[in-house]
Each structure stands twice: as C-alpha cells, then as structure tokens.
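*Asks:* From the sequence below, what's the structure:
(2 chains)
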Amino acid sequence: MAKNQPVGGQAPVVQRIRIRYAKRGPLRFTSHRDFARAFERGLQRAGVPIAYSQGFTPHPKISYASAAPTGVGSEAEYLEIGLQREVDPADLRIALDAALSPGLDIVDAVVAGTGSLADRIDASHWLVELPSVDPADAAAAVKAFTELDEVLVERMTKQGRRSFDARQAVTSIAVVEQSGRPSEADGAPCAIIDLVVRLVTPAVRPDDVLSGLRVAAGLEPPVPARVTRLAQGTLTAQGEIVDPLDADREPALPG
Amino acid sequence: MSVRSVFPQLEQLLPRVSKPIQYVGGELGAVVKDWDATTVRWALMYPDAYEVGLPNQGVQILYEVLNEQADVLAERTYAVWPDLEALMKEHGVPQFTVDAHRPVRAFDVLGLSFATELGYTNMFSALDLAGIPIDSADRGDDDPIVLAGGHASFNPEPIADFIDAAVLGDGEEAVLEITGIIREWKAEGRPGGRDELLLRLARTESIYVPRFYDVDYLPDGRIQRVVPNRPDVPFRVAKRTTMDLDAWPYPKKPLVPLAETVHERYAVEIFRGCTRGCRFCQAGMITRPVRERSITTVGQMIKDGLEYSGFTEVGLLSLSSADHSEIGDMCSGLAEQYSGTNVSLSLPSTRVDAFNIDLAQELSKNGRRTGLTFAPEGGSERIRKVINKMVTEEDLIRTVVTAYSNGWRQVKLYFMCGLPTETDEDVLQIGRMAHEVIKAGRIAANSKDIRCTVSIGGFVPKPHTPFQWAPMERPEVIDARLQMLKQEINSDRSLGRAIGYRYHDGEPSLIEGLLSRGDRRVGTVIRRVWEKGGRFDGWSEHFSYARWVESCAEVLPQFGVDLDWFTTREREQSEVLPWDHLDSGLDKDWLWQDWQDSLTEYEQDDCRWTPCFDCGVCPSMDTEIQIGPTGKKLLPLTPVTSMRMPV
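*Replies:* Numbers count the residues shown, from 1 in each chain, chains lettered A, B, ... in the order given. Below you'll find the model as predicted:
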C-alpha cells in the first residue's frame, strides 16, 4: 500500500493558541469525549487552519488541560491548538464560538507564550448548588468539615474502591450568603457552597467534598448537586486563582 | 396555552443515568421555536435509542422541511433507556422532546418513523410515558394524532389499534399536506373534533386511518376482507412518491450531535428507489421507480453540508449506489474537489463487480480507505437465481481479486440464511465460496496477509415483495445451518483462519417475521410483550425470544392462530393478505408471477436497461423513471483561505 502513504507530510505548526471555554446549562452533560468531537468539527466549520500530526491517520493538534467531569458545568476549561497559519486570536475566538452549539462557548483565546498550560493550574474554584437543602444545614456541615484535619471518603476508581482524604486539598469552603435569589423556580430552598480545591493525586472533586460533608456531618442532599467550575489556575498566597492565560497576554499598554 | 419545559425536573434525574448528553438536545441544526408563535406542532419520534435515531435521514429531512414553515414547529423525541424510563415514571416526568424539552402530549401530531417493526414496543413505552392512551380508541381531543411512517408502515396492521393514521412512502410532501389539513381544521375551530380531522386525512386517499376499516376473518383464521366501515373513505390507500429529488435537497442543515451516534457523516441520497429486483428486498420494491438526484445537486449538497456541519466524512447513499447513471463522474469529481483535505468519501458498495472497485479506488485517492462490502446474498448459483441476485461465482472471484490486487487487505461479504427453497447445500456453498475468495486473493495480493469477513443475516419475508407468500424456515433449522457453515469454513484451517464469520441467531428473525406479515391480531401480542417488560427489541441484550413466544401462546389461541401460522406457513395465491388494501403500486398478479418465477429459478432483468416488465408501479402511481446522464461535471472548488466569521 505504498501508494497510500501521505505525500509531503503535514504543514508545520507556526502558531499556538490557548483557549478558555465554558460548558453551560444543559450542555454541562457533555462528556470530555463528546466535547472533543464537537470541537474538532467546530474547527472544520469555522475554517480554522489547524495543523495535523504526521502519519496515516493525521490528528488535529489539540491538547487539553484537566477537564471537568461530565454533568459539571464550567466557566474555565482550557486547551491549546497548533495552527499551520497565523491568525488573530480575537477573530479565532469569534469564529470558533459561532461554530459551536450555544452552551459550548469560547470565552478567551491568546497566543501561547512560553511555559506549559498545565504548570499554571494547581487549583480549582467551584460553585456547588444543593437544591432542597437549607443553607443553615449546609453551613453547619461545612463548619463540622473544616474543624477536622482529615475526612476520609471513598470513591470507585479504575483501580477499584479507594479511600482518601478529602479535607487537606480544600483550601476554602463556605456557604454563600443569598439575598433572596432561590435558584429553583418554585422558590424551594437551595444552599450554595463556594469551594476552592487544590489539584492533588488522587484528585479531590466536588462530589468527594460532598461525600466529606456526609461523613463529617451527615449532610444528605435529596437531589443531585449542580456543580460549576468558576475558575482554575495558580493559587496565590492570598487564596486568589490566577487565570493561566494571564501570563500569555502582552502587558497592557498604559493609558 | 403555552407549554412549559420539563427540563428542570429532568435535570435532576440526568446525573443518575448513563450517557445523559443524549437527552439534552443542543445539537447543531436543532431548532427551538416559540410555541405560541406556531399553529401546527409536530413531535417526530425515531423509536429507538438516540444514538441510532439521531442520524436517521428520514427524521432529519422531515424535521427540516417542517421547521422551514414559519407557523410550524417540529421537535424530536427518541426512546429513553430503561434506567431513565424508571426514573421518569417514579418522578412523573413525561416523554419529552430533546429540542425544547416539551411534553410530547402537548403536540398536534406524534409522527413515528418505523424503519423496522422491532421498534413497536418502544412506541408503547413512549405513549405510556407521554400520558397518551395506548389504544387509539381511548384518545381524546387533547391527544396528538399518532401517525406512523417509514418502511414498516406499508403494513401497519399489527399496530393498527394503537396508531391513528399511517403514511406510506415518501414523507416530504405528505407532512406538508397533513400540516395544511390540521392548520385549516384548527382555523375553523376544530369542527367535529378528532374524528373529523382523521376523516379529512383519510379523504386524501393517501393517508390510512385504520379505524375506518374493518377486518373480517374466515373460520380458518385467514382474512376474509378488509373494507371501509363508512362510505366516504377509499377502498385502497396509495403510497406517496416524491418526484424530482433536485427540488428536495435535504438535509441542508444536518443535525450534528454532541453524543456519539452510529453514523457521524454527511449522508446524501444520490437516488431513491431500485429496480434491480432482488426478491427479498422490500425497500427495492416499495420505493420504485428509480429517481436520481443530479450530479450537480449532489455536489452542491455535499459542499454546503460539510461547511454547515463540520463533518469530515461523506456517505453517498442509495439502495445500490454504483447504479447511478453518472456515478463515475460523481466519484472522480468529488475525489478531485476534496483532494488534499481531510474529507473522506464512502460508497456503501454492494454491487459485485470490478466497476465498484474503480469507484472505491477513486474515492480513496485522498488517503483513507474505507472497507469494501459485497453482497452476493446467496451461497449457490441456484439460490441466487431464486432471489434474483444476478451474480455468478466468477463475477465474485474476479471482483475480490481486483480488490486484493489493488491493495485492499480485507473485504466483507454479506449473505442471507433462511431464504425460500434453501437447503443445507446452498448455505455450505457460502463456505466454499469464501475459501475460493481467500485462495484467489492470496495469489492476487501475493501475500498470505489478506482476510474476508462473511456476515450472515436472517431472511425475513416482507409485505409487498414476491416473497410475501413464502414460508419462513424454523429458527432451529437456521441455527443448525449456521453451525454447519462454521464447520465448513474451518474445515480447512489455513483458509479458515483468514475468514471472519458473523451471524445472527434465527430467533429474532422469526419475531421480525411475525411483526412484518402480521395482522391486527398480532397487536395483542405486541401489547402483551410490552406489558411484560419488552423494550428495545432490536438490541440483542434486551430482546427476549421467550417473552415473545410466551405472549403468542397466551393471546393468539383465542383467534385460532399461532406464531407458526404467521411465520412458517406458506400463503396461497387466493389468500387476502393483511396489507392488500394498502397500495404500493405493485400489481399483486405481477408479484405472484415473480414468486412463481423465483421457484423455477427464472431471473428478472432491470427495467432501467431492458423493457418495462409491468410491475405496475409507474402507471398506477403516475410516476416515471428519472435517470441521467445529465452530461454535467463537478467543477473544482475554490479553496477556503480565511476563517468563516459569523454574519
């Protein structure tokens, strides 16, 4: 099948662009695999000059930073693409966003600087909505959780059932004060927890923290939580999370 | 009356089910309209899982045709898996559409596309979840019209008591006509309620309303007659035929799913209908005459479809794609247009000749090679004459040799088991043929590293085909033949190693046979099976043969018939068949003659290249063969060099 060999190879990568995207509303149920397929088609639709790997089945040059679990919404997912022709990242953002379903939204695009995206992500900021849970009960559970040094929880992993600490990775957890904004249309109570978790191994996810609240204080939400990632990036000493794309942005011109 | 989305309730169930993405909609191409700004509202259902239903061309075409009308709203709904079904029942969440998550019961029409009869039990689940009475007779003015379409609707008698109406044939124009009738009836203030609307539909003479027809039976269980029970509906209901496919270039905006589905490609029908005359093939019989889409329309549809969807795969679909009068120019033109891109083109190849390989060769110029599939259908020369599949063993060997010597390492061969008059010997021939293929292939490729896969499907006699009178073979006989064939293939270890063998057990085919040629009495069986938990009968992990057999034994004796009576019994010429009042255009006398010809192994040629053989379709349906060549060519595409910005 020698005649079937790709001739000349693929065009080289001349520009790398880092992208922040969001998974919103019903499309938070998009799995990472589903998103990856949709994104590749989005590149096609938008006419983005994506570069391809060499070989018999060339793959588009896309690499993903840690992806939120299926069913979890996100305002801050990251990926990097390699292009065979330089483009204006602002144009790319607009073209690509228009090419994806509403709910899969391209929020930001910058030309990649030095260093890797993954090195700039060590923590994640989550919002956890607990419909039909009284905020006072949630606050009590959070208090019990924070008073402990270690909260062992269990989760099924590929290696089987595993037990690990869900407490140490949590750098901040608090029930959000609500000024009369019930998230449910029928006005039922809804507790909202604001959560910052460091990236550790094994990963501590929001549902692990919820397991921790059950272990620490017996909090049992009657319906599944609605979780959104608000940000991920570098955790500063002040507890702020720095957008990993900030380092790639050119310094703003004065005036 | 506005309708609320059920999504807030559904959302709480989704984290607890597998693959929730299939229930949330949000596909590219999905349309969400303001409920109150529309007057006629359709819920379109493909009664199988989303991953199978979403790519369905029929539903996609009708969805687009309907939504192009300003005052019409069409949304889609699919069968929900048992995990979600249980949760929906527990929490009172009704069957919903994936587009705007509206309850199905709120729509004017629930249109179901039955590509296969094995979707019937899923219709029951959907009606039940929707809160729509299962029996058509129990429905009131607030319930949608339950309308069946798709190939199975050429004999909807087994579900006659559960649907309100059926459409036979092409749907593009039918849905618009039905929409017009509903629009007018609503504008008049819904005079006469549901019955009047059904009557207006029936009066078109091409929409079948089962409740206006009575079936009388003879003492021996056969049908005596099927006649209208009121004077103002036609004795026979005719199928629809959309002529001039260039005027209907759908799908223009194909649905692009987020979830993984069985086909992820832009599919374009290059023609509809087939007159090859394979006697087992219901699709070929009921979709006549052949109507080609022109090479230029096909080229334009692919260009627009790929730009719109972002798909990188194109399928050139039809019942026998190599038969398009300009297929050569089409394939070379497309290969030229997309050379240097990552678009791959495929031609589902079934025709057994070297020309097919030229086409596949042309399409794979660009790099990626799709598989080659040939369908001799029958193992022996004799059985191929019975089924009118005019392929000799030399044709097949020559074809696969060409494939192997052109670099293909694998071909797939498709056959059927359980064909009329079939003997063990006919099936064993499949094994010997596969051996010859490998022997010749090794020489042609000058390599031992070649393979072929033999895939066997179960034959099911279908209404409106010459085999509609044929007896089915018993499942245990089929299974024994399949085992014999396995031994035959492996009788030579060296050759057997290079042959893959795939087959289906005989039992599901027998049930498909019951549903295909059943009458209204079979409806009681389907209902019983569903009540006992029958769902997703097209999926081997959900299908239960025992449940079907048991249900037949429980409900059929009251009618003096049984499962065998519907399946393994040969019908006589004089017997009234359950679908005789439904007109596919095929002359019943011609079908009978073709059945007799089959038994004497007499072949029938194709009317595209030989004179008309009077199957009856063109004159009775007032249609004609529409084929090229047009003489036109595909022009090179202008390369795209900038990103497509939204306008």
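*Asks:* residues near the residue of the stretch 51-200 of chain A found nearest chain B, how many?
*Replies:* At 3.6 Å from chain B, residue A:98 is the closest residue in the stretch 51-200 of chain A, using Cβ to the nearest Cβ. Placement of C-beta: from N, CA and C, glycine included. Counted by other Cβ atoms under 10 Å in any protein chain shown, the residues lying close to residue A:98 total 17.
*Asks:* same question, residue B:361
*Replies:* So residue B:361, with other Cβ under 10 Å, has 17 neighbours.
*Asks:* Would you agree it falls within a helix?
*Replies:* Yes. Residue B:361 forms part of a helix when assessed by DSSP: H, G, I helix; E, B strand; the rest coil.
*Asks:* can you give me phi and psi for the residue nearest to it when sequence neighbours are not counted?
*Replies:* Closest residue in space to residue B:361, ignoring its immediate chain neighbours: residue B:406 at 6.0 Å, by Cβ to Cβ, 6 or more residues apart in numbering or on different chains. With angles defined as degrees, to the nearest 10, residue B:406 sits at phi -100, psi 10.
*Asks:* The one 3 residues further on now?
*Replies:* The phi/psi pair for residue B:409 (degrees, to the nearest 10) reads phi -110, psi -10.
*Asks:* likewise residue A:235?
*Replies:* Dihedral angles (degrees, to the nearest 10) for residue A:235: phi -90, psi 120.
*Asks:* which residues does it contact?
*Replies:* If a contact means Cβ atoms under 8 Å, 6 or more residues apart in numbering or on different chains, then residue A:235 has A:122, A:123, A:171, A:196, A:198, A:241, A:242 as its contacts.
*Asks:* which bits of the stretch 51-200 of chain A sit near chain B?
*Replies:* A:52, A:56-58, A:70-71, A:87, A:91-92, A:94-95, A:98-99, A:101-104, A:131, A:184-185 (Cβ under 8 Å from any Cβ of the partner chain).
*Asks:* so who does the residue in the stretch 301-450 of chain B that chain A sits nearest to touch?
*Replies:* The minimum distance from the stretch 301-450 of chain B to chain A, using Cβ to the nearest Cβ, falls at residue B:310 (3.2 Å). Counting by Cβ under 8 Å, 6+ apart, residue B:310 touches A:40, A:41, A:42, A:43, A:44, A:45, A:99, B:28, B:256.
*Asks:* run the last query once more with 10 Å
*Replies:* A:37-47, A:99-100, B:28, B:256, B:266 (Cβ atoms under 10 Å, 6 or more residues apart in numbering or on different chains).
*Asks:* can I assume residue A:195 sits in a strand?
*Replies:* Yes. Secondary structure of residue A:195 (three-state DSSP): part of a strand.
*Asks:* partners of it in the sheet?
*Replies:* Here residue A:195 sits in beta bridges with residue A:126, residue A:173, going by DSSP bridges.
*Asks:* my guess is it contacts residue A:128, does it?
*Replies:* Yes. In this structure, residue A:195 is within contact of residue A:128 by Cβ atoms under 10 Å, at 6.0 Å.
*Asks:* Disregarding flanking residues, what is the spatial nearest neighbour of residue A:166?
*Replies:* Nearest to residue A:166 is residue A:212, by Cβ to Cβ, 6+ apart, at 3.9 Å.
*Asks:* ugh, wrong one, residue B:445
*Replies:* Nearest non-adjacent residue to residue B:445 (Cβ to Cβ, 6+ apart): residue B:404, at 4.3 Å.
*Asks:* ok, that neighbour touching residue B:411?
*Replies:* Yes. With contact defined as Cβ under 10 Å, residue B:404 reaches residue B:411; the gap is 7.6 Å.
*Asks:* between the two, what contacts are shared?
*Replies:* The contact lists of residue B:404 and residue B:411 share B:357, B:372, B:437, B:441, B:450, B:451, B:452, where a contact means Cβ under 10 Å, 6+ apart.
*Asks:* Could you measure from residue B:247 over to residue B:56?
*Replies:* With distances taken as Cβ to Cβ, to the nearest Å, residue B:247 is found 22 Å from residue B:56.
*Asks:* Do you know the pLDDT at residue 55?
*Replies:* Since you didn't name a chain, this refers to chain A. With respect to pLDDT, residue A:55 scores 80.
*Asks:* Hmm, no, I was thinking of chain B.
*Replies:* So residue B:55 comes in at 97 (pLDDT).
*Asks:* Quick one: neighbours of it, just the number.
*Replies:* 20.
*Asks:* pretty sure it belongs to a helix, no?
*Replies:* No. Assessed with three-state DSSP, residue B:55 is coil; it does not lie in a helix.
*Asks:* which ones are touching it?
*Replies:* Neighbouring residues of residue B:55 by Cβ under 10 Å, 6+ apart: B:46, B:254, B:255, B:257, B:261, B:262, B:263, B:264, B:265, B:267, B:315.
*Asks:* Repeat that for residue B:331.
*Replies:* Contacts of residue B:331 (Cβ under 10 Å, 6+ apart): B:316, B:321-322, B:324, B:345, B:347, B:358-363, B:365, B:634.
*Asks:* So the residue nearest to residue B:361 is in contact with residue B:358, correct?
*Replies:* Yes. Counting by Cβ under 10 Å, residue B:406 touches residue B:358, with 9.1 Å between them.
*Asks:* Now residue B:475. Its backbone dihedrals?
*Replies:* phi -60, psi -40.
*Asks:* Which residues are in contact with it?
*Replies:* Residue B:475 neighbours (Cβ under 10 Å, 6+ apart): B:418, B:458, B:505, B:506, B:507, B:508, B:509, B:510, B:511, B:545, B:567, B:568.
*Asks:* re the thing from before, give me the more crowded residue out of residue B:404 and residue B:411.
*Replies:* With neighbours defined as other Cβ under 10 Å, residue B:404 and residue B:411 compare such that residue B:404 has more, 27 against 22.
*Asks:* Run a quick neighbour tally on residue 248.
*Replies:* No chain in the question, so chain A it is. Residue A:248: 19 neighbours (other Cβ under 10 Å).
*Asks:* My question was about chain B, not that one.
*Replies:* Residue B:248, neighbours per other Cβ under 10 Å, totals 17.
*Asks:* ok, now how distant is the closest residue to it other than its chain neighbours from residue B:605?
*Replies:* Excluding its sequence neighbours, the residue lying closest to residue B:248 (Cβ to Cβ, 6+ apart) is residue B:172, at 5.2 Å. Relative to residue B:605, residue B:172 is positioned 30 Å away (Cβ to Cβ).
*Asks:* per-residue confidence at residue 209?
*Replies:* In the absence of a named chain, chain A is used. 97.
*Asks:* meant chain B, my bad for not saying
*Replies:* Reported pLDDT for residue B:209: 98.
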